[in-house]
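Participant: structural data only, the sequence is not supplied:
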């Protein structure tokens, strides 16, 4: 793994989402019930994106979802290992006055929890600062949506 480079993606680069290896073994999850969290044990593992189909977890569907968000004003940011996209996130800068949202985040298997994101926050914060959004919120977790950190 070489040094990870972070930069804003051009809309024409959103097809690179297909390079993300979303493979992840998930054996437990937490479900929120009011102020209480319930641990559930099971198999919610994530296979790679489907490169051919058009279902929810296909490259085609992810690209369409990214394009819609960008058309609505989201800022796409990418993490690259050389020429390969290994992480992608979308920041929605104006969810409501003074609040931005990390609306999408996927990181390739082998890059999660590696410490390679240590230099990432300045880029994300610079994007937010350009849009004058001092507070952040994150979307509610859906069981079918994998979340990971670099």
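Facilitator: Cool, got the structure. Because the structure is a prediction, the values reported are computed rather than measured.
Participant: how many neighbours does the residue lying closest to residue 78 once chain neighbours are set aside have?
Facilitator: Take residue 78 and drop its neighbours on the chain: the residue closest to it by CB to CB, 6 or more residues apart in numbering is residue 9, 4.6 Å away. Every C-beta, even on glycine, is put in place using the N, C-alpha and C of the backbone. With neighbours defined by other CB atoms under 10 Å, the count for residue 9 comes to 20.
Participant: also the one 3 residues further on?
Facilitator: The criterion is other CB under 10 Å. On that basis, residue 12 has 7 neighbouring residues.
Participant: now do the biggest helix by length in the chain: distance to the chain's middle.
Facilitator: Longest helix in the chain, counting residues (DSSP state H): helix 59-71. Distance of helix 59-71 from the chain centroid (CA atoms, centre = their mean, to the nearest Å) equals 12 Å.
Participant: what's the following helix or strand after it?
Facilitator: For helix 59-71, the following helix or strand on the C-terminal side (DSSP states H and E) is strand 75-81.
Participant: list the strands paired with that next one, with their directions.
Facilitator: Using DSSP bridges, the strands paired with strand 75-81 are strand 4-8 (antiparallel), strand 84-96 (antiparallel).
Participant: buried sites along the longest helix of the chain?
Facilitator: Using 16 or more other CB atoms under 10 Å as the test for burial, helix 59-71 gives 59-63, 65-66, 69-70.
Participant: cool, and stretch 2-12?
Facilitator: By 16+ other CB under 10 Å, the buried positions in stretch 2-12 come out as 4, 6, 9.
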